[in-house]
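Engineer: predicted coordinates and the sequence they were generated for:
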Amino acid sequence: MSDPTSATIRLATVDDIPAIRRILAAHEDDAPVAPGGVDIIGPYVRHLVERHRTMVSERDDEVVAFGSVLDTGRARMLADLFVEPERLGKGVGRPLLTALFEDAPVRATFASSDPRALPLYVRAGMTPLWICLYVEGSAEQLPPIDPSLTVRDAAAGELAALEAAWTGAARPDDHAYWAEQPEADPFLIEDPQGPVALGYGRAKQATPARALNRLLIRPGADPVPPILAGLARAARGRRVQACLLGPNPA
């Protein structure tokens, strides 16, 4: 059995992106670009490396694991933590996670479909709160948009300022990234009181479907009409995929 203490943990550079993508592909989280799809993972990894805190675990000059965290303004969010499949369960992930979080008092993540990840995250001080529902369907299946809502194009700077006003979190670099993704569609949803939700649609890598990449709803607003409007906008008349926190009223 390999000794994880002999691994070197360091900040990632853009030169590590091929190794990171190799590990992602081994977990089926990076697939060849399908007809009608675009490269999503490459720009995503580069954004994490250049704009956030991304680290790799290296053994014998080979990258065997990587992880990324970002500051959401409310918590240090673990965006990714992947270990080479043959090294899972051998103590590689825990020291890397410790290095990523450092002494951050508030921590969060979207967990994982791998059941082995949940105990690791619990030991890192995070409490499971809900499941994530990955839903996909045709835009034709959605009900009509609430007539009190309007949806319009928006610029990343406008949406970043709105998020800061609603949550206190300043994330201009992330908004710029979301707005620059392939076939990106930044939009703003308004009701009679003004802006009620902001979101981004984009293309997907492995399928011709589109993704509702992010949707933020005004605090206190009924979430169902903006969610349905956001799905319809992101779909552009095609199939659309989104992640909803469950259970979800939509």
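Structural biologist: Noted; the coordinates are in hand.
Engineer: do a quick rundown of the strands in this structure.
Structural biologist: Using DSSP state E, the strands of the chain run over 8-11, 53-59, 62-71, 76-83, 107-109, 131-138, 150-153, 185-191, 194-203, 210-217, 239-246.
Engineer: can you count the residues close to the closest residue to Ser6 other than its chain neighbours?
Structural biologist: Closest residue to Ser6 apart from its sequence neighbours, by Cβ to Cβ, 6 or more residues apart in numbering: Arg59 at 6.5 Å. In short, each C-beta sits where N, CA and C put it, glycine included. If you count neighbours by other Cβ atoms under 10 Å, Arg59 ends up with 17.
Engineer: these two touch, right, Arg59 and Ile9?
Structural biologist: No. Arg59 is beyond contact range of Ile9, at 10.2 Å (criterion: Cβ atoms under 8 Å).
Engineer: can you pull up the bridge partners for the closest residue to Ser57 other than its chain neighbours?
Structural biologist: Leaving aside its chain neighbours, Ser57 sits nearest to Ala65 (4.0 Å; criterion: Cβ to Cβ, 6+ apart). Using DSSP bridges, the beta-bridge partners of Ala65 come out as Ser57, Val83.
Engineer: ok, Ala65 to Ile20 distance?
Structural biologist: Ala65 sits 10 Å away from Ile20, going by Cβ to Cβ, to the nearest Å.
Engineer: same question, Leu188
Structural biologist: Distance of Leu188 to Ile20, given as Cβ to Cβ: 33 Å.
Engineer: between the two, which one's more packed in?
Structural biologist: Ile20 (26 against 20).
Engineer: residue contacts, the closest residue to the more buried one other than its chain neighbours?
Structural biologist: Spatially, and ignoring its direct neighbours in sequence, Ile20 is nearest to Phe66 (4.9 Å; Cβ to Cβ, 6+ apart). Phe66 makes contacts with 12, 16, 19-20, 23, 54-57, 80-82, 96, as judged by Cβ atoms under 8 Å, 6 or more residues apart in numbering.
Engineer: and which of these is nearest to Tyr134?
Structural biologist: The shortest approach to Tyr134 among the contacts of Phe66 belongs to Asp80, at 16.4 Å (Cβ to Cβ).
Engineer: next, the contact list for the residue most central in space within the chain, please.
Structural biologist: Centroid-nearest residue in the chain, with Cα atoms, centre = their mean: Ala79, separated by 6.3 Å. Going by Cβ under 8 Å, 6+ apart, Ala79 touches Leu48, His52, Ser68, Val69, Leu70, Thr109.
Engineer: shaky segments in the protein?
Structural biologist: The chain contains residues with pLDDT under 70 at 1-5.
Engineer: one more pass at 90, please.
Structural biologist: Along the chain, the model assigns pLDDT under 90 to residues 1-7, 31-38, 73-74, 88-91, 110-120, 128, 130-131, 182, 206-208, 245-246.
Engineer: any idea how far apart the tips of stretch 30-43 sit?
Structural biologist: Taking Cα to Cα, to the nearest Å, the first and last residues of stretch 30-43 lie 12 Å apart.
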